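1. What would the 3D arrangement of this be:
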Amino acid sequence: MKKALIAARHDTTPIRMRSVSVGLLSAACLFGHTATQAGGWTPMRTLQGPFAASSLPSSPVVAMNSNGHALLAWNATGNARFAERVKGAAWQASQAVPGASTGAGPVAAAIGNNEVAAIAFTTAPTRLVPSKLLVTLRAPGGSFGTAVEPVPGTRAGDMKLGIACDGTVTLLWTDAAGIKVSSLPGTGTTALACDGTPGTGAWTPATLVSTPGAGASLAELAVNDAGAALAVWQEGAPGNPSSIAAAYQPASQAWELPQTVSLPTGQSTWNPKPGLDAAGNAAVGYLDGNSMVVARRPAAGPWDPSMPVPGAQSVYYPALAMSAGGDLLASWLSLDVSNIGSVWASIAPAGGAWTRRTRLSARAESADWPSAAFAGDGSVAIVGWTDNNANTAKAAVRSAGAWTRSSLGTGYWSGAVPVAAGGSTAVAGWTMPNLANPNAGKLVARTWQ
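-> The predicted structure is shown next:
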């Protein structure tokens, strides 16, 4: 029963039914826990709620820039909102996203190192007005403006956003044709200054970056300060994807044709996660059967063959993050023969080999759905997950070379705990049961610094 519930619970990330028993994990692997790590978690912030059990929202989308400025966005009962916190300051009051009072489905959010921010959402269709994909932008020190329709007539499923230092905003979305992108060029000239703002001209026409008819889904986007971009997705029949594909856009150039980055192993390939460093070197982490593998690509060269992450061979969900310097963080969920989950992580220095895997979740936990983030300067890495045994949101932060595991607060069974990091700071957001009534919930967040 638990196998089926886990697969059905996470509606945006389908995985295979866990019907194959996996081996016991080595007892020689350590937790990596230390009590001497600098930094700690700030008090919990309620973003919105409580909500009735019949209308619990998904966990918020979280974003953070290199200044430690956190931006969270969510769609609660059809009314998209956002909240933010500048590093070292108090949380600002949550606000409605302009034009999103009839929001439908997921949202996307990004905040650049130039302090440009963007939120994307779709509107609910009516009998006379179809659904629209809209984006609202904010220049540094300003307010979110009137939401605009980058590509009129777009019918989007999920969407992602990225912001470069010159102010260029890149929007990725999925529709019936595949994976598409559009950009609003910025006003800046160099990534070194990182002070550009979005331009006032038109968004570029929609570009289909996936292969037509390939069954593309679960698209993700990474954008670096220089304006290079990486889109990744899985291809194949629903419920049985057969390959992982990627499209790369060098800074100030057009998107390259899509390429298959997975090897033809005959196994299903799942859940690609992108990484992109400041120089444009790229990586994709994904599942090949029940192994986590990573494909890498130098900025000016072809993709290297995918290679397994050592110790990640009984995996049911992958997470990947990359620092601006090219360091890689891989995290994954493993299950033992009793379907008890554990979260693990390994780090590969830029261009180097993977370090020995570290168990992040405690042995008393039944962990689920890891998420991962790496600060651009490499100062902080974070992995978030849910402990289903205690219905608790957990996170492990790596700073000064050591991991520290923390309980963040109560959560829902098999709920997601999205994380982001930047500027020696990290943030996590999740849906939390209301203490006065566990059948109701609220959206909460905490920051680490």
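
2. So which bits of the strand or helix carrying A83 are buried?
-> Using DSSP states H and E, A83 sits in strand 79-85. Buried residues in strand 79-85, defined by neighbour count with 16 or more other CB atoms under 10 Å: A80, R81, F82, A83, E84, R85. From N, CA and C alone the C-beta is placed, and that goes for glycine too.

3. which SSE is L287 in?
-> Going by DSSP H and E, L287 is in strand 282-288.

4. ok, now A373?
-> A373 belongs to strand 367-374, assigned by DSSP H and E.

5. what angle do the helix or strand that that strand is followed by and strand 367-374 make?
-> The helix or strand immediately downstream of strand 367-374 is strand 381-387, counting by DSSP H and E. Computed by axes from the mean of the first three to the mean of the last three CA atoms, to 10 degrees, the angle separating strand 381-387 from strand 367-374 equals 160 degrees.

6. mean confidence for strand 381-387?
-> With pLDDT averaged residue by residue, strand 381-387 scores 98.

7. which ones are touching the closest residue to V380 other than its chain neighbours?
-> Residue nearest to V380 in three dimensions, not counting chain neighbours: A421, with 4.7 Å by CB to CB, 6 or more residues apart in numbering. By CB atoms under 8 Å, 6 or more residues apart in numbering, the residues touching A421 are M64, A321, A373, F374, A375, V380, A381, I382, V427.

8. so how far is the first residue of stretch 374-389 from its last?
-> 27 Å (CA to CA, to the nearest Å).

9. nope, stretch 361-375 is what I meant
-> Span of stretch 361-375 from end to end, CA to CA: 21 Å.

10. Identify each buried residue in that stretch, please.
-> Buried, per 16+ other CB under 10 Å, within stretch 361-375: 361-362, 365-375.

11. which residues of the stretch 51-200 of the chain fall in strands?
-> For the stretch 51-200 of the chain, the strands defined by DSSP state E, counting those that start in this stretch cover 61-64, 70-76, 79-85, 95-96, 103-111, 117-123, 133-138, 159-163, 169-175, 178-184.

12. Turn those strands into CSV, including mean pLDDT and distance to A245.
-> Formatted as CSV, these follow (pLDDT from 0 to 100; distance: least, CB to CB, whole Å):
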stretch, mean pLDDT, distance to A245
strand 61-64, 98, 24
strand 70-76, 95, 27
strand 79-85, 95, 30
strand 95-96, 96, 37
strand 103-111, 91, 20
strand 117-123, 96, 22
strand 133-138, 97, 22
strand 159-163, 98, 15
strand 169-175, 97, 13
strand 178-184, 97, 9
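
13. For W354, find the nearest of those.
-> Closest approach to W354 among the strands of the stretch 51-200 of the chain (CB to CB): strand 61-64, 25.1 Å.

14. ok so, going back, and the angle from the strand holding A83 to strand 117-123?
-> 170 degrees.

15. And the contacts of strand 79-85?
-> So strand 79-85 is in contact with 45, 47-48, 69-74, 91-97, 100-101, 103, 107, 109, 111, 119, 121, 144, 427, 445, 447, going by CB under 8 Å, 6+ apart.

16. And the residue of the chain positioned farthest from its centre, its phi and psi?
-> In the chain, counting by CA atoms, centre = their mean, L128 sits farthest out from the average C-alpha position, at 34.5 Å. Note on L128: its backbone torsions stand at phi -110, psi -20 [degrees, to the nearest 10].

17. try A226
-> Torsion angles, degrees, to the nearest 10, at A226: phi -70, psi -10.

18. pretty sure it is touching C165, no?
-> Yes - the criterion here is CB atoms under 8 Å, and A226 meets it with C165 at 7.0 Å.

19. Now do the shared contacts for the two.
-> A191.

20. Tell me the confidence at V337?
-> Looking at V337, the pLDDT reads 79.

21. S314 versus that one, what's the distance?
-> Between V337 and S314 the distance is 10 Å, computed by CB to CB, to the nearest Å.

22. now swap in A254 and tell me
-> Taken as CB to CB, the span from A254 to S314 is 41 Å.

23. just V129 next, same as before
-> V129 is 49 Å from S314, by CB to CB.

24. My read is that A345 contacts S334, right?
-> No - contact between A345 and S334 fails when scored by CB under 8 Å: they sit 11.4 Å apart.

25. if we can go back for a sec, so A226 and C165 - more neighbours on which side?
-> Taking A226 and C165 together and counting by other CB atoms under 10 Å, C165 has the greater number of neighbours (24 against 21).

26. And the more buried one, what's its pLDDT?
-> So, for C165, pLDDT stands at 97.

27. Which residues are in contact with it?
-> 112-114, 188, 190-196, 225-227 are the contacts of C165 under CB under 8 Å, 6+ apart.

28. now those: which count as buried?
-> G112, N113, N114, G188, A191, C194, D195, G196, D225, A226, G227.

29. Can you tell me how far L134 is from A156?
-> In terms of CB to CB, L134 sits 10 Å off from A156.

30. ok, back up a step: from the contacts of A421, pick the one nearest K394.
-> Nearest to K394 among the contacts of A421, with distances taken as CB to CB, is I382, at 11.0 Å.
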